[in-house]
Every structure is written in structure tokens, then in C-alpha cells.
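**Q** Generate a structure from the sequence data that follows.
(one chain, ligands or ions: 1)
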Amino acid sequence: MAQKGEFELIREFFRRPVADAGVRLGIGDDAALLALPVGEELVVTTDTLVAGRHFPDSAAPFDIGWKALAVNLSDLAAMGAQARWVTLALTLPDSDETFLREFARGFFALAEREGVSLVGGDTTRGPLSITVTALGCVPAGLALRRDGARAGDDLYVSGCVGDAGLGLRLELGQWLDELAPLARDTALQRLHRPEPRLALGLALRGMASACLDVSDGLAQDLGHLLAASDVGAELELSALPRSAALADIDSAFADILALTSGDDYELLFTASPEARKAIAALPLACARIGRVTAQAGLRFLRAGVPVEMPVAGFTHF
Ligand SMILES: [Mg+2]
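**A** Numbers count the residues shown, from 1 in each chain. Prediction:
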């Protein structure tokens, strides 16, 4: 059988029926034409993943497709946006049919689950790299931003933190023997198939005073939120939500992982203490991990006692 051309492959794997009335024109014209709901603002984010830098060369193509989309949807979640549309720019070393098929399967597994339509794209030849641009909408004035935290607000993080960092350690061949197989699977799943917290982002509209997603590590990302809001915070280490996978790890190192792991893609947010009941009732557990202070800087407590944490400069493994 003759080898299929790149265009043919792209058409075969990436053209899917679009069931979104907001898409006036999708793939096939010079550009997409999208209709925004009345009274809503467009939220736009873009991220590039490069082989060997953002995922190991050994990563499964399905996972690369999933993650390339997930990290962008996570940014929309952090803005409280309804995810709607994406474009995809693929740089490929060659037109490897198996890679493209599996990549597309991973990409669309998440896109279809979240009701997101692919409305445009491009392919070029070169070292493997993937750029996704994600577009969402939010009612005017309701977007979650980083700059709204106020002294006295509570500080929360969704789900669990630290697992993706543990997964990366496992990928590097560390701690393989110390961990039970189930813990290993959890950590690797969190690293390779992050879950964008889109439903939580929507639920936090009008409730969170500031929000961002944890992509570079909780301590570092919290620093961005505090700087944008011109406030500080106290963070209670014993309140950091850790999965059972981290329970097998020495607790001092589990703290470091929870504070510095990139790739967790949980939402970190602040809210007035009046919102505690509503936040406790959210479908996804959100742990109250501290409070916002007028005094600048991030201070760590363990059981209420101030402690030093060596997290400065501990950003990426
Ligand atoms: Mg982000």
C-alpha cells in the first residue's frame, strides 16, 4: 500500500464532525469563524510542548495528545471560562501514521469529553513540538483573575498536589522500589494525563476572589497570585492535600513535592471566609491550606508553628 501523504493523514485523524452552533466556519477555510454568546468575553490561552523538555521522548503518543490539550484547558479552567474551541499546530519530524493516530486519539478523548471543538491547525516539519491555542468564554466581568485576593481571605487548593512530581521522579528511575504498584500508577497517571478542573473553574465564578492553575509548583504559582494581588499568605503544611501515593514517601520530601511539583494542574484560589460552606459543598474536594495576609511574602506553618521550607530555587527537578 502506498504511504499516505501528510495532508491525507491529518484529514483522516483530525477532521471530526463539529456539533457546536458557535462554529460558523471550522477547519477548511482560511480561518475559523466563531460566534461568541451575547454578553460574554473571549478567553484565549496558548501553550507549546516540546519533546524532551515538556514530556520525555518515551511518552506515549496518546498521552502527548491528551496533555497538550489538558494544559491549555487547565488555563481556561483557572479563568473560570467555559472551554469551547481549540487550534492545533503540530511540528513533526516525519509523518508517522501510528504517532498521528494515537496522538489524535488522546487529543480527542479529552476534547470530546469536554465538548471542545478543533477549529483550525497547521503542520510543519521539524523536531516534535505541539502548540495548542484554547478559546473559551465567560460572562463579562466574571472571569477569575490572579489579582483579586484580599487580606483575610482563605487559601484553597483542589484535589491533591505532588503526584505529578512523584510521577516525574519515577520516569527518571527514582523510587521505583519504594512504591507500591498502585501508587506508581497513580503518580504516572497524574503526570501523563492531567485533569483540567473545568467544572470547578465554572463553579468558582463569583465565589473565588483570585485563582490560577498549579503548573509550575504550588509555592511558585502561589507567589504569582500573591504578587498580582499585592498581598502575602500563611500556608499550613499539614493541610496540603496529598494522595495515598505520596503517603509512601518520606513526609519531609512529600512536603517538598507538594509545594514544588509542576504539572499538577489543580486550581489554587482564594475566597472570603463567608464562602466556606459553599466551597465545602463543591463536588471536587478543595482543601483550605492557609490564609491571605496584608504582610507581603509567603510564610509556612506546621501545626500553627512557623517553619522554614527550602522551596526557593527548588522550582523544577
Ligand atoms: Mg496557568
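**Q** helix or strand for P37, which one?
**A** In this assignment (DSSP states H and E), P37 forms part of neither any helix nor any strand.
**Q** Now do the domain split for this structure, please.
**A** Split into domains by automatic domain parsing, the chain comes to 6-139, 154-307.
**Q** want to throw the ones you listed into CSV with mean neighbour count, mean pLDDT and distance to R146?
**A** Heads up, the C-betas are built off the backbone N, CA and C, glycines and all. Below are these laid out as CSV (neighbours: other CB atoms under 10 Å; pLDDT from 0 to 100; distance: least, CB to CB, whole Å):
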stretch, mean neighbour count, mean pLDDT, distance to R146
domain 6-139, 18, 92, 9
domain 154-307, 19, 93, 4
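**Q** Now render those as CSV, adding distance to the ion.
**A** Formatted as CSV, the domains of the chain follow (distance: least, CB to the ion, whole Å):
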stretch, distance to the ion
domain 6-139, 4
domain 154-307, 4
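**Q** out of those, which comes closest to G148?
**A** domain 154-307 (4.3 Å; CB to CB).
**Q** how long is that closest one from one end to the other?
**A** Taking CA to CA, to the nearest Å, the first and last residues of domain 154-307 lie 20 Å apart.
**Q** list the contacts for R146?
**A** By CB atoms under 8 Å, 6 or more residues apart in numbering, R146 lies in contact with A210, C211, L212, H224, L225, A228, S229.
**Q** Point out the ones among the residues you listed that are inside strands.
**A** Those of these mapping onto strands are A210, C211, L212, per DSSP state E.
**Q** Name whatever forms a beta bridge with the last one.
**A** With DSSP bridges applied, the residues forming beta bridges to L212 are L268.
**Q** any idea how far P127 is from it?
**A** Per CB to CB, to the nearest Å, L212 is found 30 Å from P127.
**Q** where exactly do the strands run in the protein?
**A** Going by DSSP E, the chain shows strands at 23-25, 33-34, 40-50, 82-92, 117-125, 129-139, 154-158, 210-213, 232-236, 267-271, 286-293, 297-302, 305-307.
**Q** Show the contacting residues for the residue nearest to A275 when sequence neighbours are not counted.
**A** Leaving out its chain neighbours, the residue that sits closest to A275 by CB to CB, 6 or more residues apart in numbering is M207, at 5.3 Å. For M207, the contact set (CB under 8 Å, 6+ apart) comprises A271, A275, A278, I279.
**Q** any idea how far M207 lies from L200?
**A** 10 Å.
**Q** Likewise for L128?
**A** 31 Å.
**Q** and what of S58?
**A** With CB to CB as the criterion, S58 and L200 are 31 Å apart.
**Q** now swap in T45 and tell me
**A** In terms of CB to CB, T45 sits 17 Å off from L200.
**Q** Pretty sure I130 sits against T46.
**A** No. Using CB atoms under 8 Å, I130 makes no contact with T46, being 11.1 Å away.
**Q** which residues do the two both contact?
**A** Contacts common to I130 and T46, judged by CB under 8 Å, 6+ apart, are absent.
**Q** any chance of the ones in strands among the contacts of R146 in JSON lines, plus distance to P241?
**A** As requested, the ones in strands among the contacts of R146 are exported to JSON lines (distance: CB to CB, whole Å):
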{"residue": "A210", "distance to P241": "19"}
{"residue": "C211", "distance to P241": "17"}
{"residue": "L212", "distance to P241": "17"}
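**Q** L144: which of those is nearest?
**A** Nearest member of the ones in strands among the contacts of R146 to L144, counting by CB to CB, is C211, at 3.9 Å.
**Q** contacting residues for that closest one?
**A** Taking CB under 8 Å, 6+ apart as the test, what C211 contacts is 78-80, 144-146, 201, 204, 225, 267-270.
**Q** Throw the residues you listed into JSON lines and include distance to D122, thanks.
**A** Output for the contacts of C211, formatted as JSON lines (distance: CB to CB, whole Å):
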{"residue": "A78", "distance to D122": "26"}
{"residue": "M79", "distance to D122": "25"}
{"residue": "G80", "distance to D122": "29"}
{"residue": "L144", "distance to D122": "30"}
{"residue": "R145", "distance to D122": "31"}
{"residue": "R146", "distance to D122": "31"}
{"residue": "G201", "distance to D122": "28"}
{"residue": "L204", "distance to D122": "34"}
{"residue": "L225", "distance to D122": "34"}
{"residue": "L267", "distance to D122": "31"}
{"residue": "L268", "distance to D122": "33"}
{"residue": "F269", "distance to D122": "35"}
{"residue": "T270", "distance to D122": "38"}
